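Enquirer: Need coordinates for the following:
(chains A and B)
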2 protein chains.
Amino acid sequence: MSGSTPPEKLDPSRPGPADAGPAVVPPFVPGADAPTAPVPDPVAPRAHSTTLDDYTDRYSEAMRGMTPSEIRALFSVASRPEVVSLAGGMPFVEALPLQSIAGLMAEVVAAQGAVALQYGSGQGLPELRELICEVMDLEDITASPDDVVVTTGSQQALDMVSRVFLDPGDVVLAEGPSYVGALGTFQAARAEVVHVPMDADGLIPAELRSTLERLQAEGRRAKFLYTVPNFHNPAGVTLSEERRDEVMALAEQYDLLVVEDNPYGLLGFEEDPGRALRSRSESRVIYLGSFSKTFAAGLRVGWVLAPHAVRDKLVMVSEAQVLCPSNLTQKVVAEYLSKYPWREQIKVFQQVYQERRDAMLEALTSHMPEGVTWTHPKGGFYVWLTLPPGWDAKAMVPRALAHKVAYVPGVGFYADGDGARHLRLSYCYPPPERIREGVRRLAGVLEEEAELRDTFGALEVRPHPAGGRTASRGSEAPDPGTV
Amino acid sequence: MSGSTPPEKLDPSRPGPADAGPAVVPPFVPGADAPTAPVPDPVAPRAHSTTLDDYTDRYSEAMRGMTPSEIRALFSVASRPEVVSLAGGMPFVEALPLQSIAGLMAEVVAAQGAVALQYGSGQGLPELRELICEVMDLEDITASPDDVVVTTGSQQALDMVSRVFLDPGDVVLAEGPSYVGALGTFQAARAEVVHVPMDADGLIPAELRSTLERLQAEGRRAKFLYTVPNFHNPAGVTLSEERRDEVMALAEQYDLLVVEDNPYGLLGFEEDPGRALRSRSESRVIYLGSFSKTFAAGLRVGWVLAPHAVRDKLVMVSEAQVLCPSNLTQKVVAEYLSKYPWREQIKVFQQVYQERRDAMLEALTSHMPEGVTWTHPKGGFYVWLTLPPGWDAKAMVPRALAHKVAYVPGVGFYADGDGARHLRLSYCYPPPERIREGVRRLAGVLEEEAELRDTFGALEVRPHPAGGRTASRGSEAPDPGTV
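Expert: Residues are numbered from 1 along each chain as shown, chains lettered A, B, ... in the order given. Below is the predicted model of the structure:
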């Protein structure tokens, strides 16, 4: 929230689904050189040789529930050098000591190549799992290496958890907004995501309770609560210490499993976030960790810590998915954690991101027009903006790109079409002066929008041309919304 | 097949499911120090605090179809130094030039660290996809890098294909026997695998035709045929050139999609295998490739080449699974393919494996008792043994381990409980003298079995204690059956 306002829900005026506009989104970069492709209608009868997709009658049911990333086309524009991208969630890996890491990797292969280049176990290298327990100890988690499963990034852990627990139609609780990569996985599992509102102190326990009560009254049960307690992506807020107790008390009371996703927990600026939920309960929490933000995303090394019986299932699923995680990247992480002063490196990251967070918050305070509010992250990568009621952040994307600034519109962070008046700004990658310039440009876009609205009147929901969708085009760069 | 016999079906006397013995397999290493854990009954009512698995009422339907690997416990015994393991499918990475690779990796990080350590695209690095097309060109495949998706090993490609196409109950055709890692993925998707018999020339087209006809008569359609045409795992046979044409003609006639899995194609000894099925049809074949056997399994880099529309779906699924493959390992492969004489390295691998194949075949000819036959691989890693009718290769495993030799029993390579009188021997990892010693020991086990049968009479199917299962224990080493 903007500092001058008391904590309020991140989206107190959530419109119902009926107000949320068409679920099929328009290509929002018309005329831009982002490649687009026509998307065949999955219910259309199969034509002969002229059909664009000859395989529509063979796809699984799950594929029908998966839609291409809405923001892929955005990225090919956002990655142009003249555009300030506040869209991506890429860590600033340039802050890493590349020469040291190069040396460390060479050593791993020269000295341990026969293992590093070989198949490994589905659960991951024992030496790395022990080191992971030391990392988790920093967040007050006591765990056995035997209950840790190394994953190909935290995304695989999300997918594994989904496959172990979710059947089509199952309910998953998640903060609103929530991490888009998790939503994509729940969508792939054809689960129903029920959002629980947040405010500046994170997930609101009273809202969680009323949601659990409602589900109970309906005879339904949530398979789990998915939550990012620390420096939330995209909301930028942190669950208060007091609320952590309340959330876990509710989990006990309602027999709720909690999936705690914590990629940013060690990237706090002023202070550490509250103790991990996992430190409060071994049996109710499945904990997801990642080296993508504290070391290097390109290694794709994450982990999941789970109660023993669940861990068994997770290993089985991981073996069906990837056989085993890369021994090479695991060895590199293990070597880095053993031989390199990685806690000092995390301090370097903290300083880099804090400086950028400061630049963004100062620029927002200086430039944002009245009626726009935002969160004040104490760590992590993201600020969540709330526009005045009725505004549509996605509809403004083409204008923003014309002004050479990019952000991620909020709708992608909701499973139910909500989030129209929100947008995510990231400060992790661009240097401070670019962040300030980007916020200035964004302010110009919003001023223009305000003027247009004053002149022509507010249009609650803009009409979209039907059927136009942005297709996956296999972009060469990471999807800015998913990281 | 043993060289003296004409081509015959690999398992001409396949028993029906009723003869196949209990689906629940016994712990076959009783009393060994392989860790085992009791497996809770998934249908048992949930007890209170004494329950071993508090989560049984939450698991997905798919988890109920997944059973722990039967051969995990075997491996902890098989990996003891005194045991000759002919069980594992680990490539002999010690034949790689470790110092060169170490240098190459250091160069990648030092010069391209900002990309190598960063998130990448879901589809994979364009430079690697171009090089992959050059590799496929060696097998007469003409492809566009745009239709290639880089995967976290070929296993992920299998899982992606399963998720794009398979709903529970769908039919998949696969050779009998078939790759256990693929069967696990189809099982996870709850598909029904229908095996098509093979002989020394690979998949039998007449059997494929009759299976397709039968399905058609039943009003069912196979979602795809999964096949390993070259140096089959586990059968060690190669689909003849003539049969490749016949299989593709049947695919046309019956509108069948073919998933061609080709990890061993470049590892032929005397001659190259036939042209890839993908070189005969762009639209009917999804092609899976891997660097695990031609370079290094520890990198976890594979790929899938698919018709354009399918490629779009595969990228979406991969993003939901792992976000993106590791940029670091992709860069290492790209650098290796660009700067290192990798074709020469493949020749080194060919020579290593040919020498070991020769050692195994010679030892089999010298030592195997009458009534045992085996295939004569012209490349790849495996020999498939057929025991006399009524013998049970899995029941003999404890005795084999007592004789300090390990193999993988055949049942794991069938989805339908078949394969009891078969076993897989691998010659990829142990040196020739160990292979000879292992085959000698195995011959001793078989002689002993023959004597026992002469003395006590043949027991067609041995009774197994009910309910005893080998649980996943997160072993520290790769599962010998899955690679």
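Enquirer: And the strands in the stretch 151-300 of chain A?
Expert: A:171-176, A:192-199, A:202-203, A:222-227, A:258-261, A:285-290 (DSSP state E, counting those that start in this stretch).
Enquirer: Turn these into TSV, including distance to A:Lys378.
Expert: Where you see a C-beta, it was placed from the backbone N, CA and C, and this is true even at glycine. As requested, the strands of the stretch 151-300 of chain A are arranged in TSV below (distance: least, C-beta to C-beta, whole Å):
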stretch	distance to A:Lys378
strand A:171-176	17
strand A:192-199	15
strand A:202-203	11
strand A:222-227	17
strand A:258-261	18
strand A:285-290	19
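Enquirer: of all those, which lies closest to chain B?
Expert: With C-beta to the nearest C-beta as the measure, strand A:222-227 is the member of these nearest chain B (5.9 Å).
Enquirer: Show me what that closest one is in contact with.
Expert: For strand A:222-227, contacts defined as C-beta atoms under 8 Å, 6 or more residues apart in numbering or on different chains pick out A:161, A:165-166, A:170-175, A:178, A:182, A:186, A:191, A:194, A:196, A:203, A:208, A:212, A:215, A:239, A:247, A:251, A:256-261, A:277, A:286, B:58.
Enquirer: cool, and stretch A:338-354?
Expert: Stretch A:338-354 is contacted by residues A:91-92, A:95-97, A:100-101, A:104, A:131, A:266-269, A:293-295, A:336, A:379-381, A:427-428 when judged by C-beta under 8 Å, 6+ apart.
Enquirer: returning to what we had before: going through the contacts of strand A:222-227, which ones are buried?
Expert: Burial by neighbour count, 16 or more other C-beta atoms under 10 Å in any protein chain shown: within the contacts of strand A:222-227 this picks out A:161, A:165-166, A:170-175, A:178, A:182, A:186, A:191, A:194, A:196, A:203, A:208, A:212, A:215, A:239, A:247, A:251, A:256-261, A:277, A:286, B:58.
Enquirer: State the three-state secondary structure for A:Asp418.
Expert: Per DSSP: H, G, I helix; E, B strand; the rest coil, the secondary structure class of A:Asp418 is coil.
Enquirer: Was I right to think it contacts A:His195?
Expert: Yes - at 7.1 Å, A:Asp418 and A:His195 qualify as touching, with contact defined as C-beta atoms under 8 Å.
Enquirer: Can you pull the residues that touch both of those two?
Expert: Residues touching both A:Asp418 and A:His195 (C-beta under 8 Å, 6+ apart) are A:Gly176.
Enquirer: before we move on, the earlier item: what about the contacts of stretch A:338-354, which are in helices?
Expert: Members of these lying in helices (criterion: DSSP state H): A:Ser100, A:Ile101, A:Leu104, A:Leu131, A:Tyr336.
Enquirer: Neighbour-wise, which one of the residues you listed leads?
Expert: Of all the ones in helices among the contacts of stretch A:338-354, A:Ile101 has the most neighbours under the rule other C-beta atoms under 10 Å in any protein chain shown, reaching 25 neighbours.
Enquirer: which stretch of helix or strand covers the residue lying closest to that one once chain neighbours are set aside?
Expert: Excluding its sequence neighbours, the residue lying closest to A:Ile101 (C-beta to C-beta, 6 or more residues apart in numbering or on different chains) is B:Val109, at 5.3 Å. In the assignment (DSSP states H and E), B:Val109 maps to helix B:98-116.
Enquirer: repeat for A:Val439
Expert: Going by DSSP H and E, A:Val439 is part of helix A:432-456.
Enquirer: Packing partners of that helix?
Expert: Applying 3 or more C-beta pairs under 8 Å, 6 or more residues apart in numbering or on different chains; DSSP states H and E, one finds that helix A:432-456 makes contact with strand A:84-85, helix A:342-367, helix A:397-402, strand A:405-406, strand A:422-426.
Enquirer: Can you point out the buried residues in stretch A:361-374?
Expert: The neighbour-count check on stretch A:361-374 (16+ other C-beta under 10 Å) flags A:Leu361, A:Ala363, A:Leu364, A:His367, A:Met368, A:Val372, A:Thr373, A:Trp374 as buried.
Enquirer: who are the neighbours in contact with the closest residue in space to A:Val115 that isn't next to it in sequence?
Expert: Spatial nearest neighbour of A:Val115, chain neighbours left out: A:Asn327 (6.0 Å); criterion: C-beta to C-beta, 6+ apart. By C-beta under 8 Å, 6+ apart, A:Asn327 lies in contact with A:Val115, A:Ala116, A:Leu117, A:Gln118, A:Tyr119, A:Gly120, A:Leu125, B:Gly298.
Enquirer: And the furthest pair within those?
Expert: Spatial extent of those (C-beta to C-beta) is set by the pair A:Leu117 and A:Leu125 at 13.3 Å.
Enquirer: between the two, who's got more neighbours?
Expert: Neighbour totals were compared for A:Leu117 and A:Leu125, and A:Leu117 leads with 26 against 23 (other C-beta under 10 Å).
Enquirer: how close does that one get to chain B?
Expert: Distance of A:Leu117 to chain B, given as C-beta to the nearest C-beta, to the nearest Å: 4 Å.
Enquirer: Repeat that for A:Asp147.
Expert: Where chain B is concerned, A:Asp147 sits at a distance of 9 Å (C-beta to the nearest C-beta).
Enquirer: Contact partners for that residue?
Expert: Contact analysis of A:Asp147 by C-beta under 8 Å, 6+ apart lists A:Leu305, A:Ala306, A:Pro307, A:His308, A:Arg311.
Enquirer: ok, for it, nearest residue in space, not its chain neighbours?
Expert: Leaving aside its sequence neighbours, A:Asp147 sits nearest to A:Arg311 (C-beta to C-beta, 6+ apart; 5.2 Å).
Enquirer: Count the residues that sit near the one you found.
Expert: Neighbours of A:Arg311 (other C-beta under 10 Å): 22.
Enquirer: same check, this time on the one 10 residues further on
Expert: The burial count assigned to A:Gln321 is 28, neighbours taken as other C-beta under 10 Å.
Enquirer: Check it and give its pLDDT.
Expert: Turning to A:Gln321, the model gives it a pLDDT of 96.
Enquirer: Tell me which residue is most central in chain A.
Expert: In chain A, the residue lying closest to the centroid (C-alpha atoms, centre = their mean) is A:Tyr179, at 3.2 Å.
Enquirer: pretty sure that residue contacts A:Gly412?
Expert: No - the criterion here is C-beta under 8 Å, and A:Tyr179 misses it with A:Gly412 at 10.2 Å.
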